[in-house]
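Novice: Quick one: sequence and predicted model below, then my questions.
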2 protein chains.
Amino acid sequence: MTYQEDRNLEKEISQAVIRRMPRYYRYLGDLIDAGIERISSNDLSSRMNVTASQIRQDLNNFGGFGQQGYGYNVQYLYDEIGKILGVNEKHNIIIVGAGNLGQALANYVKFEKFGFVTIALFDVDTKLKGQKVRNIEIHMLEELEDFVKNNTVDIAALTMPKAKAEAIASQLVELGVRAIWNFAHVDLKMENKNVVVENVHLSDSLMQLSYNIAKNRQE
Amino acid sequence: MTYQEDRNLEKEISQAVIRRMPRYYRYLGDLIDAGIERISSNDLSSRMNVTASQIRQDLNNFGGFGQQGYGYNVQYLYDEIGKILGVNEKHNIIIVGAGNLGQALANYVKFEKFGFVTIALFDVDTKLKGQKVRNIEIHMLEELEDFVKNNTVDIAALTMPKAKAEAIASQLVELGVRAIWNFAHVDLKMENKNVVVENVHLSDSLMQLSYNIAKNRQE
DNA sequence: TCTGCTTTGTACCCCATAGATACGATTATA
DNA sequence: TATAATCGTATCTATGGGGTACAAAGCAGA
C-alpha cells in the first residue's frame, strides 16, 4: 500500500467538526482565564449549549484527550486544540485593500495572540501610500508582486471591491500564496487544488438575519 | 383549526436553505448586471456549482417562480428572493462600538442598497464624541437608551470588546431591539425567544482557514 | 486496598439533508 | 402543430450530524 492510499483510508474529518473547534478553543480559553483546571464533557456541554456526546465525539476525531473519572485538563486540551488549529505556528498575513475593512483587520490585535501577524497592506489609492496602520505599512498594489516574492506570505486577506477580487486572487496564487481569506462579495473558485479559501460574506449574514427577523415577527 | 395550529403544520424551512438564499440572490444580481434576462436551473447550477435539482427544490420551498420550457425570469426571481429575505424593507441599524470594525461597517455603502441603513454609532471613547462617519454621528454610550427609545432600531451590530457585549446586548433587548448582529468574541445566548442573533466570529473563520492550510500542506 | 462514583471512549441508532433520477405538465420555438 | 426545453414534484439513496447507551478506566474516600 502506497503512502497516498494509506492516507486515503484515513477518515476525513468533516468541515462541520472543524468549524466547531475554534468555539471549543474559545470556551477553554475563557475557562483558563477563570482559573478552572479541569472540566467534564457534561459540564462543558451545559456551558456551550451542545451535547456532551458531541463534545466527546468531536474531540475523539483527533485523539483521546480526556481521562475517565477525571474529565479533561483544561490547559492541556486548550493547547492540543491550538495545535490542531495551527494557532501556535506563526502565519504572515497581507491585506489587499486598505479601506475601512482592511484597516480594521490590520488593527485587530487579537489575531496576533493566535499567531496571525499582518505584515503589509496594499491599495491602489495613492493617498494612502506610505501611511501606516499600527506600524504596518500600506504599499501600492504595483509592489505586491515583489513583496510576495521577497517575503513569506501565508494568508492573503482580500478586502477590495469584488470587481478586482478574482484577478488579484489569481495573481496571488500564481505567486505562490496558498490561502485566501476572502471578504469580497464573490465566491472565489480556485482552480488550484492546493489553495484553500475561506469566504466571509457579511452581506449574506445580514440577509440571513433579516429573514429571521421577518420570520420571527410572523410567529 | 386555530391559526397557530395551522402555522405549526407548515413545514419549517431549514436554516440550511436560508443560508443558501443570499447566494442565489447575489448570483442573480450579477446576471442582471450582465444583462441576462432568463436562466434555467441547469444553467444556474453550472455557474454556482450546485445541482439543478437543489436549486429547484430550494426555490420551491417558497413557491413556484419558474415556468416550464422557459426557466426563470432573472429580474422576477431576484425580486422575489429579495422579498423573502426582507431586503426590500428598510432596516435601521445602530452600531455599538465605533472602533475600526464598527466604522468599517458604517462605511459599507453596499448594505444600503439592500435597505440596511446605519443611523448611529455609539462608543465610550470621548475623543470620538460628535465625530461623524459618512455623515453618521458617533454618540456616547450613555445616550444609547434615549436614542433607542426615540428612534426605530431594527438591528444592533455589536462591535465592542467581548467583556461588554453581554451587558449591552441585554440592555438593548430590554429596550426592545429584536435583532443582534454580533461581532464580539462571545456567543450571545438571549433568553428572550423573540430576539434573533447572528454571530460573526472572524477569529473562528481565520482558525478554520489555518487548519485547512495545515491539512493541505500534509496531503 | 477496596468500593462506589465519575466520566471517557466508542458502538449503535435515528433523522435531516444533499443530491440523483424520473416524469407529467407546461411553455417556447421552429 | 410538433418538438424541444424546462419546471414542479415525488421518490430513493447516501452521508453525516447528533443522540443513547454502556463497558472500561480512573478517581476518591474509607
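Specialist: Yes, it's here. Numbers count the residues shown, from 1 in each chain, chains lettered A, B, ... in the order given.
Novice: Could you tell me which residues of chain A lie near DNA strand C?
Specialist: Those residues of chain A that sit near DNA strand C, judged by CB under 7 Å from any atom of the strand, are A:39-42, A:52-53, A:56-57, A:59-60, A:64-72. For every residue, glycine as well, the C-beta is placed using N, CA and C.
Novice: Tell me the helices and strands packed up against the helix ranked longest in chain A.
Specialist: Taking DSSP state H as the criterion, chain A has its longest helix at helix A:15-33. When contacts are defined as 3 or more CB pairs under 8 Å, 6 or more residues apart in numbering or on different chains; DSSP states H and E, helix A:15-33 sits against helix A:41-48, helix A:52-60, helix A:74-85, helix B:202-218.
Novice: can you do 7 Å?
Specialist: Identification of packing neighbours for helix A:15-33 by 3 or more CB pairs under 7 Å, 6 or more residues apart in numbering or on different chains; DSSP states H and E yields helix A:41-48, helix A:74-85, helix B:202-218.
Novice: Is the longest one positioned near DNA strand D?
Specialist: No: Helix B:202-218 lies out of reach of DNA strand D by CB under 7 Å from any atom of the strand, never closer than 13.2 Å.
Novice: List the buried residues of that helix.
Specialist: If you call a residue buried by 16 or more other CB atoms under 10 Å in any protein chain shown, then helix B:202-218 has these buried ones: B:202-213.
Novice: outside of that helix, which residues touch it?
Specialist: Contacts with helix B:202-218, where a contact means CB atoms under 7 Å, 6 or more residues apart in numbering or on different chains, come from A:18-19, A:22-23, A:25, A:84-87, A:91, A:110-111, A:114, A:116, A:154-155, A:178-179, A:181, A:194, A:196, A:198, A:200, B:185.
Novice: Quick one: buried ones out of the residues you listed?
Specialist: If you count burial by 16+ other CB under 10 Å, the buried members of the contacts of helix B:202-218 come out as A:18, A:22-23, A:25, A:84-87, A:91, A:111, A:114, A:116, A:154-155, A:178-179, A:181, A:196, A:198, A:200, B:185.
Novice: quick one: low-confidence parts of chain A?
Specialist: A:1-11, A:219 (pLDDT under 70).
Novice: Around DNA strand D, pick out the residues from it.
Specialist: With the criterion set to CB under 7 Å from any atom of the strand, chain A comes near DNA strand D through A:12, A:14-17, A:20, A:50-51, A:53-54, A:56-57, A:67-70.
Novice: buried subset of the residues of chain A next to DNA strand C?
Specialist: So, by 16+ other CB under 10 Å, the buried ones in those are A:39-41, A:56, A:59, A:66, A:71-72.
Novice: Work out the gap between the longest helix of chain A and the centre of the chain.
Specialist: Taking CA atoms, centre = their mean, to the nearest Å, one finds the center of helix A:15-33 at 13 Å from the center of the full chain.
Novice: Output the longest strand seen in chain A in PDB, but only the C-alpha positions, please.
Specialist: Using DSSP state E to define each element, chain A has its longest strand at strand A:116-123. C-alpha atoms of strand A:116-123 as PDB (Å, rounded to 0.1, in the frame of the first residue of the first chain):
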ATOM      1  CA  PHE A 116      -1.700  35.700  12.800                       C
ATOM      2  CA  VAL A 117       0.600  38.600  12.100                       C
ATOM      3  CA  THR A 118      -0.300  41.200   9.400                       C
ATOM      4  CA  ILE A 119       2.900  42.300   7.700                       C
ATOM      5  CA  ALA A 120       1.600  44.600   5.000                       C
ATOM      6  CA  LEU A 121      -1.400  46.200   3.400                       C
ATOM      7  CA  PHE A 122      -1.800  47.100  -0.300                       C
ATOM      8  CA  ASP A 123      -4.100  49.500  -2.100                       C
END
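Novice: tell me what it is packed against?
Specialist: Strand A:116-123 is packed against strand A:91-96, helix A:100-107, strand A:136-140, with contacts defined by 3+ CB pairs under 7 Å, 6+ apart.
Novice: May I see the buried residues of it?
Specialist: By neighbour count on 16+ other CB under 10 Å, the buried set for strand A:116-123 is A:116, A:118-123.
Novice: Stretch A:73-90 now?
Specialist: Within stretch A:73-90, the residues scored as buried using 16+ other CB under 10 Å are A:73-74, A:77-78, A:80-82, A:84-87.
Novice: Taking those residues, tell me the two that lie furthest apart.
Specialist: Largest separation among the buried residues of stretch A:73-90 by CB to CB: A:73 and A:86, giving 21.2 Å.
Novice: ok, residue A:104 touching residue B:102?
Specialist: No: the criterion here is CB atoms under 7 Å, and residue A:104 misses it with residue B:102 at 8.4 Å.
Novice: In terms of neighbours, single out the busier of the two.
Specialist: Ranked by neighbour count (other CB atoms under 10 Å in any protein chain shown), residue A:104 and residue B:102 place residue B:102 first, with 26 against 22.
Novice: which residues are contacting the helix or strand hosting residue A:167?
Specialist: Assigned by DSSP states H and E, residue A:167 belongs to helix A:162-174. With CB under 7 Å, 6+ apart as the test, helix A:162-174 has contacts from A:96, A:148, A:156, A:158, A:160, A:180, A:182, A:184-186, A:188, A:190, A:192, A:195.
Novice: do that again at 10 Å, thanks
Specialist: Residues outside helix A:162-174 that contact it (CB atoms under 10 Å, 6 or more residues apart in numbering or on different chains) are A:94, A:96-97, A:122, A:124, A:141, A:144-145, A:148, A:153, A:156, A:158-160, A:177-180, A:182-192, A:194-195, A:197, B:26, B:30, B:110.
Novice: Filter these down to just the ones in strands.
Specialist: Secondary structure assignment (DSSP E) places A:94, A:96, A:122, A:156, A:158, A:179-180, A:182, A:197 from those within strands.
Novice: Of the residues you listed, which pair is most distant in space?
Specialist: A:122 and A:197, at 18.6 Å, using CB to CB across these.
Novice: out of the helices and strands packed on strand A:116-123, which comes closest to chain B?
Specialist: helix A:100-107 (3.6 Å; CB to the nearest CB).
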